[in-house]
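Enquirer: Based on what follows, work out the 3D shape:
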Amino acid sequence: MFLRIDKWLVTLGAALLMSGTALAAGPTDGASAEAGIEVVAQEAAIQLDVTVIHATKKQRAADGKLDKLGRYLTKSFKKYKGFKQLDKTSEKLELGKGGSLTLPNGKELSFRYDGTKKGFIQLYLEVDGLKTKVRVKDGGTFFQAGRGYKKGMIVLAFDAQTSK
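Expert: Next up, the predicted model:
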């Protein structure tokens, strides 16, 4: 009988320990849970760089500010020959927090950091009524494009990485 009670106490202790761990891994603030944000991982923050680019079909001199992105832009947007950086912002975003940027066409870009999962940063983006959720490899770059602007289009380049 003593052995049975001992096993029961060990099982109860393990269950309590596991439930404490599960509670600790949940949302840390009511605002995140209320906003409908799925808390995936408790990363402290991310660094998000947003580069606003004007792409045109007309060839023009390479914009030195786009040195790192230049080869990706020409591969990703083959119909476009000219790329010029119009704006760039860098934000450190805590989990559930976001920012915004007014684009050259007057539209507002909103973004929010929604956590990380399996090495991917999850972002929520909204511009001109288009709402999207994006997963980007930690340290990676992705593009959002298509909004017309001055005989071309606006390309948004997002670089995202967890803060170390």
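
Enquirer: got the residue ranges for the strands in the protein?
Expert: Ranges of strands within the chain are 45-56, 82-94, 98-102, 108-117, 120-127, 130-137, 141-149, 152-162, based on DSSP state E.

Enquirer: got the angle between the shortest one and strand 45-56?
Expert: With axes from the mean of the first three to the mean of the last three CA atoms, to 10 degrees applied, the angle from strand 98-102 to strand 45-56 works out at 20 degrees.

Enquirer: picking that back up, now the strands of the chain in TSV, please, with extra columns for distance to Ser76, mean pLDDT and mean neighbour count.
Expert: C-beta: built from backbone N, CA, C; applies to glycine. As requested, those are exported to TSV (distance: least, CB to CB, whole Å; pLDDT from 0 to 100; neighbours: other CB atoms under 10 Å):
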stretch	distance to Ser76	mean pLDDT	mean neighbour count
strand 45-56	10	91	20
strand 82-94	10	90	16
strand 98-102	21	91	15
strand 108-117	19	92	19
strand 120-127	17	93	20
strand 130-137	14	92	13
strand 141-149	6	84	15
strand 152-162	8	91	20
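
Enquirer: From Ile154, how far off is the most centrally placed residue in the chain?
Expert: Nearest to the mean C-alpha position of the chain, by CA atoms, centre = their mean, lies Leu123 at 3.2 Å. Applying CB to CB, to the nearest Å, the value for Leu123 to Ile154 is 18 Å.

Enquirer: What of Leu95?
Expert: Per CB to CB, Leu95 is found 28 Å from Ile154.

Enquirer: before we move on, the earlier item: now that we have the strands of the chain, can you turn them into CSV and tack on distance to Lys65?
Expert: Below are the strands of the chain laid out as CSV (distance: least, CB to CB, whole Å):
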stretch, distance to Lys65
strand 45-56, 8
strand 82-94, 4
strand 98-102, 17
strand 108-117, 19
strand 120-127, 22
strand 130-137, 21
strand 141-149, 15
strand 152-162, 11
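
Enquirer: Out of those, which gets nearest to Asp63?
Expert: Of all these, it is strand 82-94 that lies closest to Asp63, at 4.8 Å by CB to CB.

Enquirer: Fine, thanks again, bye for now.
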